[in-house]
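> Got a predicted structure plus its sequence, pasted below:
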Amino acid sequence: MKKIGLLVKEASESRIKDGVKSSKGIIIIKYSGVASPDMSVLRKSLKTSGSDLFVVKNSVARRAMKGLGLDDLIKSIESPCGFIFFKDEPVGISKILCNFRKEHEKLVLEGGLLEKKLLTSGDIETMSKLPSVDVLRAQVVCALNGPIVKLVVVLNQTLKKFVYCIDQIRQSKSK
């Protein structure tokens, strides 16, 4: 029979592995010096964006990363750290983290993984400055709609000119 501590470590390692495999990506943060109520606020705001913050012992996290073949992320796991697993767009999560970091300077963005590509803290900050997917979609629709509207206006003007010309001919013949 296994000890409870060993069972908890195995469950935590399994959760990290499952989280990495089932999510679009992960972000690793260091939260040393951030108060517990503030961390609860961060958890809630991340939960509303469809992501999950998981805090685990460093030894368990390193073992899980080694088991997944993510040796490059092992060096990011120092001091108290947390894993943010996300399945949707990373831009919203990075905005939440960067805004939270403005108020809580002790929070450190270590890096992460996005669809098998390593992220640095600079990448996460850059993503936070990007518009969301919905805004980008709206911009594409407007860009595609512009030429169509111009074509309709030009064709409409051509028809108006034709009708005006016909009317002028009618008026000149009626005189």
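Thanks, I have the structure now.
> list the buried ones in the helix or strand bottoming out on mean pLDDT in the chain?
Across the helices and strands of the chain, the lowest-confidence element by mean pLDDT, DSSP states H and E is helix 71-74, at a mean of 78. Judged by neighbour count (16 or more other C-beta atoms under 10 Å), helix 71-74 contains these buried residues: Leu73. Quick note: C-beta positions are derived from backbone N, CA and C, even for glycine.
> Check stretch 18-31 too.
Under 16+ other C-beta under 10 Å, the buried positions of stretch 18-31 are 19-20, 23-31.
> what's in contact with that stretch?
Residues from elsewhere that reach stretch 18-31, judged by C-beta atoms under 8 Å, 6 or more residues apart in numbering: 39, 52-55, 64, 68, 70, 73, 76-88, 90, 93-94, 97, 106-115, 119, 124.
> Spatially nearest residue to Arg101 (excluding sequence neighbours)?
Once flanking residues are discounted, Arg101 sits nearest to Leu107: 4.8 Å by C-beta to C-beta, 6 or more residues apart in numbering.
> how much space between that neighbour and Leu113?
As judged by C-beta to C-beta, to the nearest Å, Leu107 and Leu113 stand 19 Å apart.
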